[in-house]
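Novice: Give me a 3D structure for the following:
(one chain, ligands or ions: 1)
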Amino acid sequence: MTVGREAGQMSRNQRVSALEQYLASLAPLNPSWRHHKHTHQHHHRHQQQHQQHHHKDSFSGRLQQEYSSSRRPEIQRSVDASNEEPLDVDCCASVALQVSLEYGRYLVATRDILAGEELFREVPLVLAPRPVPIPACLACLRGLGQDWRGCEECGAPLCWPRCPGTLHGVEECQSLSSLSLNLGDSQDLNKLKLLNEILTPMRTLLVLSTEPSLRGVVASMQSNVGQRRRLKVGQETVQRMAQTLQEDLDVVAHILGVFDTNAFVMGGQGGGVGGSGRALLPLSALMNHNCTPNTQHWFQHGAIIVRAVCDIPRGSEITTSYAPTLWGTSARAAHLTASKLFRCRCERCRDPTELGSHLSSLACRSCKGGLLVPPHAPGEPWACNQCEGTVGVGAAEALVRGAGAIVRGGGGGAEGDVTNLTTTVGHLTRVLGPTHYVTREANYALLLALLASPLTDMSEGDLLRAVGVARDLLGVADLVDPGLSRFRGVLLLELTRACAELLRRQHIADHVIANTMTADVACDTHQLPSSSSHTIRQIQPVKKRKTTPENNYCEEDNGVCTDLSLNGYCLDTIEKLLDAADESEVILQFDSRLSDVWALKELLHQLQR
Ligand SMILES: C[S@@+](CC[C@H](N)C(=O)[O-])C[C@H]1O[C@@H](n2cnc3c(N)ncnc32)[C@H](O)[C@@H]1O
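Specialist: Next comes the predicted model:
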């Protein structure tokens, strides 16, 4: 197997062409895909390019033979000699592949795409456990307790007594047996880590040996191998894996680099497998990073589904975020540099105010109202946006470091209880200010903790607090994670639940209705009655938005509002949701922390059937 060396020898054109057959193979999953017709001129130029590469080295020669026999003539490649992006492969009706010298390959929209539209689906080429010392069933990737039992043949952890998963096949079992890892000792975390690490290259090599046509695809994927070697990233693991598997060092380095650079974490729910793992998805991995991305993805029945979260004009880049969007710029930069080895220069990263969200700004102690904004140039002082106050870099960094201790000490993580989180938020607001991302993360945890208890048990004060926090975070989401994002979806859902409960109690204050319900919660297609004393059941839709059938969000049927864009968490939707089932049951099914707006859409459809 020479995937690693092949990768080193591949030209840019080869890296793109290696994806062609793969993209064509995805067509059955994406029935709406429309391939463009090849023009005679394109075809001729295409063939010339392939003939040139054919003689360059043996791998590309084989690659060209493999691909020319099965090439789909309807896939178009165009060459524009006038710019630095000479390759443009249309891979489906919605997205096309382009190449830049700075960012490598990336996807662009081939047509105007509406918010909420699905761009494509893709099934992982390889699915492996995360390389962590935690026992996971190799057949379904479900996390196991410490008392797991091993496969009778190879000793690897499996669900007991039976697992419906199919990921642990005979070849893998034989390969693991031959490695004599002696996995029987379930307490040995080092062995578990080694096993989980090994499965990444092992599964990839097994897939490539059964489907050699995919070798070009994996070889073409970016692995940052040179940089990783220079910066000594993951080199010990590469050595250990190569030694254990008795495989070529270059091959293992390439595969591990490909996973670290490209793999998607596939979460537990809805993934088609029980647990979570790392998925190799060559098309999805072509989405470059942006700190304010225009797509989101989730897994359903074992495939990734990528959707636009906002309107994407034709020709615009299709982006995803490799880092949590709520993090501040320095935290995102540290993560991207360490894991993906690049520095992001998107609009948000270049703007010290982070598009006005001030997620990195600190409270000014001089004027008590202004914000100390990070400098444009490293090393310069942070300056207040309202007074002459400044603070040096060292002092600003010390404050942020101190905040870490507050979070750790106060149980401010996602698991924290309401009391601890309230204290933590108070400390953080004083130390960092109300807009800093660490404060807002704690506030988000507080919001979820507040609304985790049955709404009917909550005090009106807590409900109003939840409304305030949700509204503040929605303001942030509108700036850094806008449109139909999961973050906005969860916030809108929680805000709507809190408001619905307040409405139901008929204790809601006029200003909450005026400011919150109309602006954020109520569907933009609905108006609220003027009186605040109406119950949710009295609020009637007054106007409905029509959308086209392709925009599969809004169908009007018998007055049932199924406009399920995010604003579609509207009052009559909530009313139906509450009517249709016991509220706690609905919330149980729709775990708002793990799911997303489209999961809610599915749920509502089921309830309305
Ligand atoms: C998952 S790959 C994306 C596809 C990649 N461009 C390719 O050609 O295969 C991630 C790598 O793409 C590059 N990349 C992605 N987003 C970028 C960005 N916003 N700025 C610079 N480089 C980026 C980085 O080299 C990163 O390690």
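
Novice: which stretches of the stretch 101-250 of the chain form strands?
Specialist: 104-109, 118-122, 126-129, 149-150, 157-158 (DSSP state E, counting those that start in this stretch).

Novice: Was I right to think residue 205 contacts residue 255?
Specialist: Yes. Residue 205 lies in contact with residue 255 (Cβ atoms under 8 Å); the separation is 7.4 Å. C-beta: built from backbone N, CA, C; applies to glycine.

Novice: sorry, back to before: with respect to the strands of the stretch 101-250 of the chain, which exhibits the lowest mean confidence?
Specialist: Lowest mean pLDDT of those: strand 149-150, a mean of 85.

Novice: pLDDT value on the residue of the stretch 401-550 of the chain found nearest the ligand, please?
Specialist: Ranked by Cβ to the nearest ligand atom, the top residue of the stretch 401-550 of the chain for proximity to the ligand is residue 480, at 15.3 Å. Here the pLDDT value assigned to residue 480 is 97.

Novice: residues touching it, list them.
Specialist: 291, 292, 325, 326, 348, 354, 355, 357, 359 (Cβ atoms under 8 Å, 6 or more residues apart in numbering).

Novice: do that again at 6 Å, thanks
Specialist: By Cβ atoms under 6 Å, 6 or more residues apart in numbering, the contact set of residue 480 is 292, 325, 357.

Novice: ok, the nearest residue to the last one once chain neighbours are set aside to residue 178 distance?
Specialist: Once its chain neighbours are removed from consideration, residue 357 has its nearest residue in residue 479; the separation is 4.4 Å (Cβ to Cβ, 6 or more residues apart in numbering). Applying Cβ to Cβ, to the nearest Å, the value for residue 479 to residue 178 is 54 Å.

Novice: same thing with residue 199?
Specialist: Taking Cβ to Cβ, one finds residue 199 at 14 Å from residue 178.

Novice: For these two, work out which one has more neighbours and name it.
Specialist: residue 199 (28 against 10; other Cβ atoms under 10 Å).

Novice: Which strand or helix spans the residue nearest to residue 357?
Specialist: helix 460-480 (DSSP states H and E).

Novice: List the buried residues for that helix?
Specialist: 462-474, 476-480 (16 or more other Cβ atoms under 10 Å).

Novice: Same check on stretch 338-349?
Specialist: 340, 341, 342, 344, 346, 348, 349.

Novice: what do you get for stretch 98-117?
Specialist: Neighbour-count burial for stretch 98-117 [16+ other Cβ under 10 Å]: 98-99, 105-110, 113-117.

Novice: Keep only the residues you listed that also lie close to the ligand.
Specialist: Contacts with the ligand within the buried residues of stretch 98-117, as defined by Cβ under 6 Å from any ligand atom: 105, 106.

Novice: Now the two most distant members of the buried residues of stretch 98-117.
Specialist: 99 and 116 (28.6 Å; Cβ to Cβ).

Novice: hang on, the earlier thing: is it possible to get the contacts of residue 480 out as a markdown table so that each row also shows distance to the ligand?
Specialist: Shown next, in a markdown table, are the contacts of residue 480 (distance: Cβ to the nearest ligand atom, whole Å):
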| residue | distance to the ligand |
| --- | --- |
| 292 | 11 |
| 325 | 14 |
| 357 | 19 |
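
Novice: can you put those in TSV and add secondary structure and neighbour count?
Specialist: Below are the contacts of residue 480 laid out as TSV (DSSP: H, G, I helix; E, B strand; the rest coil; neighbours: other Cβ atoms under 10 Å):
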residue	secondary structure	neighbour count
292	coil	22
325	coil	24
357	coil	24
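
Novice: closest to residue 422 among the residues you listed?
Specialist: Of the contacts of residue 480, the one sitting nearest to residue 422 (Cβ to Cβ) turns out to be residue 357, at 23.0 Å.

Novice: what ranges of this structure fall below the confidence cut-off?
Specialist: 1-92, 184-187, 268-275, 410-416, 503-609 (pLDDT under 70).

Novice: Check it for the residue nearest the ligand and tell me.
Specialist: residue 104 (2.9 Å).

Novice: Nearest spatial neighbour of residue 379, chain-adjacent residues omitted?
Specialist: Here the residue nearest residue 379, using Cβ to Cβ, 6+ apart, is residue 393, at 6.1 Å.

Novice: Check the burial of the one you found by counting its neighbours.
Specialist: For residue 393, the neighbour count with other Cβ under 10 Å is 14.

Novice: same deal with residue 206?
Specialist: If you count neighbours by other Cβ under 10 Å, residue 206 ends up with 16.

Novice: near the ligand, which residues of the protein show up?
Specialist: Counting by Cβ under 6 Å from any ligand atom, the chain sits next to the ligand at 103-106, 221-222, 224, 261-262, 285-286, 288-289, 340-342, 344.
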